[in-house]
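Peer 1: kindly return the folded structure for what I paste below:
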Amino acid sequence: MKSTTTPSKSLIEFYRKSKLFYALDAIIIAILLVAIILSCAFTFRGEGSYAIVYHQGQIIGRYDLNKNVKVGLLDEKMHLVVEDGQVYILDSDCPTQICVNSGKIKMVGERIVCTPNKLTVTIEGENDEVIVTGGAYEE
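Peer 2: Sure thing, here's the model as predicted:
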């Protein structure tokens with residue numbers, strides 16, 4: 001007596017060889033390609049207009065990327081530099097120096113994170129609304 005819970009090998013072979021199997025493969029591949037193309041289109045971002053600095057989730061500064069400035073942050077524990085439309089952390093007292101080694105950022109959505117100092121720098125676009133609730137010490 002044949003079991004009804006597991007399909008027979010001939011039935012599995014039939015589906016593997018059938019055109020339906022290949023059609024379903026083609027549909028799945030097409031859907032994946034469309035998803036990849038759409039995700040690339042929506043994740044492409046242009047150059048930013050502002051660097052927003054957050055400390056412990058609170059905004060402590062907003063700096064125009066078109067104005068060159070060097071800013072002392074967190075009582076001079078670290079220095080942020082805005083230069084030629086880019087922003088970077090010049091130095092920091094944190095032990096890992098990941099924020100310093102992150103390099104320069106300028107595209108919308110890019111960020112620099114300093115976990116030991118609980119600081120994040122994010123690039124925002126021209127139309128993004130940000131309300132500054134605090135201030136940073138500028139040199």
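Peer 1: quick check: domain ranges of this structure?
Peer 2: 9-43, 50-138 (automatic domain parsing).
Peer 1: go through those domains and pick out the most buried.
Peer 2: Highest mean neighbour count among the domains of the chain (mean count of other C-beta atoms under 10 Å): domain 50-138, with a mean of 16. Quick note: C-beta positions are derived from backbone N, CA and C, even for glycine.
Peer 1: how far away from the center of its chain is it?
Peer 2: In terms of C-alpha atoms, centre = their mean, to the nearest Å, the gap separating the centre of domain 50-138 from the centre of its chain is 15 Å.
Peer 1: now do it, average pLDDT.
Peer 2: Regarding domain 50-138, the rounded mean pLDDT is 87.
Peer 1: what packs against whatever helix or strand residue 82 lives in?
Peer 2: Using DSSP states H and E, residue 82 maps to strand 78-83. Judged by 3 or more C-beta pairs under 8 Å, 6 or more residues apart in numbering; DSSP states H and E, strand 78-83 is in contact with strand 50-55, strand 58-64, strand 69-73, strand 86-92.
Peer 1: now the angle from that strand to strand 58-64?
Peer 2: Between the axes of strand 78-83 and strand 58-64, defined by axes from the mean of the first three to the mean of the last three C-alpha atoms, to 10 degrees, the angle is 30 degrees.
Peer 1: contacts for strand 78-83, please.
Peer 2: By C-beta atoms under 8 Å, 6 or more residues apart in numbering, the surrounding residues in contact with strand 78-83 are 51, 53, 61, 63-65, 67-73, 87-94, 99, 114, 117, 119, 121, 136.
Peer 1: just stretch 97-104 next, same as before
Peer 2: With contacts defined as C-beta under 8 Å, 6+ apart, stretch 97-104 is touched by 78, 86-92, 112-115, 117, 119.
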